[in-house]
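[1] mind looking at a prediction? Sequence and model below.
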Amino acid sequence: MMKSLLFRLGCCIAVFAFCLYSYLEAQNRLTQLKIRIPEVDREIRLIREENRRLSYEVDEFLSPAHLIELAHRPEFSHLKHPLLKDVLTVPEALAATPAP
Amino acid sequence: MEPSPIKRLVLVGIGLFALFASLIAQFYKIQILEQEKWKQVALAQHQCVVSIPFQRGSFYSNSSVKKGHPGEEQPFVVDIPKFHLFIDPDSIPTPLKPKMARQLFAHLGLSLEESGKMFSEFEKKSRSRKIAKWLDREARNHIEAWWKGFSKEEKIAPNALFFTSEFKRSYPFGSMLGAVLHTVQEEKDPETGQAIPTGGLEVYFNSYLQGKPGKKLIVRSPRHPLDTGTILEMPENGADIYLTVNHYLQAIVETELKKGVEAANAKGGWAVMLEPYTGEILAIAQTPPFDPSRYFDYFNNPDLVEATRVRSITDCYEPGSIFKPITLAVCMKANEELQRQGKSPIFTPDEKVPTANGWFPGRGAPLKDGRVHPFLNMDHAIQKSSNIYMARLIHRLIETMGDEWYRKTLCETFGFGQKTNIELPGESVGLVPTPGKLHPNGRLEWSLPTPYSLSIGHNILINAVQMARAYAILANGGRAVQPHLVRKIVKGGEVIYDRTQEAPGKQLLNPAHCEAIVRSMKFATKEGGTCKRADVFGYTEAGKSGTAEKVLDGTYSRDYNISSFLGFAPAKRPRFVLLVMIDYPEKKFIPGVGKHQMGGICAAPVFREIASRSLQYLGVAPDDPYGYPPGDPRRDAARSDVAKEVRELKELYDWWNR
């Protein structure tokens, strides 16, 4: 009788301890994630900022005035703007249709 | 008798219990009853709400000028995050201030003089003093790396030095379209936190471009970084504005205009490129340009402040001979009106009009042409830019239709003397003289010789956009167009203003009349014309040059010219109308070429270069494949555009004027 009670009590304590441990573990993981949030947020912001800066620099480099200047160089003299009649435009719907 | 120890113990117990109970009661009062109050106090002590900057709306290029072949979105202005550096002087120990300042200023690259001035900020009793502004990320990282070690070594609170971020207007294409876009001041409105625009589109569309800052809750702690916290409200960015101006066409126009102004040794120049069917402004340039990133230099220098205006809309001038096709259109409209009334027309395009005598009623001196042409027809008149022919037609017009009808047609058909309603502040309406009205100097605006002056583009003030619009009406077959700069406005992904599908305007002129005038204008750029230098090789074009004397102190200046060329290409179904103005070109004679200051000499080549490059960029196939200069293997004088008609016109001229 006493053994059975002790066994059941032991089981209960073990389950409780396990649940408590799991809960604390989950809390710790959550805390760890919470600690990382500002770090990740900062990283994302830095990446966005860098992306914006690089796009700006690309735009600066590809500025039409610069491209016109480059077009005057002999090494690029063979490059021409295509005539509209030479440009084939495929409708988006047709392009998305898989080939038979 | 002393109380028994048990009784004493009970008394002490009761006392302790009472104290404990009062403590519990106090806890209850603070924690439960006054919870909200103390919560607010605690929050105020440990947390604060800071605003998150929003992005002001941007301006985008028109990437759909190549029909059926659109390009990528291209911003003219980008908001780049920049940083302001602050210190918290109260949390820096006084003995450490000189050392910290010395090292910080060295990182910022301040001179000795600047450092001396800036050190006073360290001595102020304040929690926040601005030390440097608009630093980039690299500079911030550099300072932060130094500060991390320094603050640890000297045991200074890490937040004694901090950064705040703000978006700065940045221009990837430099000064391109600067006067139209303008910019915003460095300092924002302290009350609203909104940017203060300096002019141009930034002012006109300020209410659309403005956003709303967000809110962020941060913990007030020396060790807590300021750039983390809970976002309470997301910032609302301003609306993006998609312009009709294409960045590549704009670059072509700016580059060629600059070259043209330098070649003409002129004071400046401006140019407008307009889509004749929709009224979209494809390019609007001026030299010298306005660089928005250095706006304070321009506004603080009287010599540069002129560049901050969009001269194509703020500066009115007498157009001169580029007005002659308008005179023809008015006379043809009168013909139509007279025919409707069952009367004979005032002229026919083929009529042999006597043009030797330049005397007209009310004029103190006769009108003159470049050389004497006894007889001319309409094609000759435009080709030779005859003043007398135009005045002769207007003389007949006034006799039949009257002054009022003439003035009304100029105003109502072509919109002279009225705003074009382009989306820019500061547009000048110009001046169309009114019969019976007096000038400020007391002289009549409209006197007996006024119509003859008007016929050749004198006694009328027009801005460049008004003039380009008038030619757009001729180029598109007589339909009204509304010049505009904005295609659409997008906020948060939603289109809140759309002008991408412009309906055709009201029919103002007879298409057959427009066709006849365009045909005449085609002769101006060919052999025998006054502006051969505007001939666009490989393409057809139509246009007219003009040279006006600027009015200075109420009189015409013989030395100060405004020279122009206004035309369109291709001549049939044109892709653009282009006006080039050269302000104060050098006055000289070039042997074998002519008077350098004439529009056909200094402005026409700029038109040719711009038109040629623009048509290539737009992918327009050459429609005059044999129209090349002598010496070019592609040239075939017999097969080039209007070659036969030019020969016939010359034969007729020679026959009439032997």
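    Nice, thanks for sending it over. For clarity, every value in this text was computed on a predicted model and none was experimentally measured.

[2] so where's chain B uncertain?
    For chain B, the stretches flagged by pLDDT under 70 are B:1-3, B:68, B:220-228.

[3] oops, could you answer that again for chain A instead?
    A:99-100.

[4] all helices of it, in order?
    A:2-61, A:64-71, A:92-96 (DSSP state H).

[5] buried deepest among the ones you listed, which one?
    helix A:64-71 (a mean of 16; mean count of other CB atoms under 10 Å in any protein chain shown). Bear in mind the C-beta positions are built from the backbone N, C-alpha and C, glycine included.

[6] ok, B:Gly116 - contacts?
    Neighbour list for B:Gly116: empty [criterion: CB atoms under 8 Å, 6 or more residues apart in numbering or on different chains].

[7] separation between the most centrally placed residue in chain A and A:Pro38?
    By CA atoms, centre = their mean, chain A has its centre lying nearest to A:Ile44, at 8.6 Å. From A:Ile44 over to A:Pro38 the distance is 11 Å, taken as CB to CB, to the nearest Å.

[8] same thing with B:Leu11?
    56 Å.

[9] could you do B:Ile601 as well?
    B:Ile601 is 67 Å from A:Pro38, by CB to CB.

[10] next: A:Leu88.
    A:Leu88 is 51 Å from A:Pro38, by CB to CB.

[11] what sits against B:Gln466?
    B:414-416, B:420, B:430.

[12] oh, that last question was meant for B:Gly430, not what I typed.
    Here B:Gly430 is in contact with B:316, B:416-417, B:460-463, B:466 (CB under 8 Å, 6+ apart).

[13] return the member of the residues you listed nearest to B:Leu615.
    B:Leu615 lies nearest to B:Gln466 out of these, by CB to CB, at 24.8 Å.

[14] so the closest one: helix, strand or coil?
    Under DSSP: H, G, I helix; E, B strand; the rest coil, B:Gln466 falls in the helix class.

[15] what does the one 3 residues further on give?
    What three-state DSSP gives for B:Arg469 is helix.

[16] name the nearest residue to it, sequence neighbours excluded.
    B:Pro483 (5.3 Å; CB to CB, 6 or more residues apart in numbering or on different chains).

[17] that neighbour: neighbour count?
    Neighbour count of B:Pro483, defined by other CB atoms under 10 Å in any protein chain shown: 26.

[18] tell me the residues of chain A that contact chain B?
    Applying CB under 8 Å from any CB of the partner chain, one finds that chain A approaches chain B through A:37-38, A:41-42, A:45-46, A:49-50, A:52-53, A:55-56, A:59-60, A:63-65, A:67-68, A:80-87, A:89.

[19] and residue 81, backbone torsions?
    Answering for chain A, as no chain was given. Backbone torsions of A:His81, given as degrees, to the nearest 10, read phi -70, psi 130.

[20] nope, chain B please
    Torsion angles, degrees, to the nearest 10, at B:Pro81: phi -70, psi 130.

[21] using CSV, write out every CA atom in stretch A:42-59.
    The C-alpha coordinates for stretch A:42-59 follow below in CSV (Å, rounded to 0.1, in the frame of the first residue of the first chain):
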residue,chain,number,x,y,z
ARG,A,42,19.9,45.4,-36.1
GLU,A,43,21.4,43.0,-38.7
ILE,A,44,18.3,43.3,-40.9
ARG,A,45,18.4,47.1,-40.7
LEU,A,46,22.1,47.1,-41.5
ILE,A,47,21.5,44.8,-44.5
ARG,A,48,18.6,47.0,-45.7
GLU,A,49,20.8,50.1,-45.3
GLU,A,50,23.7,48.5,-47.1
ASN,A,51,21.3,47.4,-49.9
ARG,A,52,20.0,50.9,-50.2
ARG,A,53,23.5,52.4,-50.2
LEU,A,54,24.7,49.9,-52.9
SER,A,55,21.6,50.5,-55.0
TYR,A,56,22.4,54.2,-54.8
GLU,A,57,26.0,53.6,-55.8
VAL,A,58,24.9,51.4,-58.7
ASP,A,59,22.5,54.2,-59.8
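
[22] any chance you could list what contacts it?
    Against stretch A:42-59 from outside (CB under 8 Å, 6+ apart): B:74-75, B:78, B:80-81, B:136-137, B:170, B:172-173, B:227-228.
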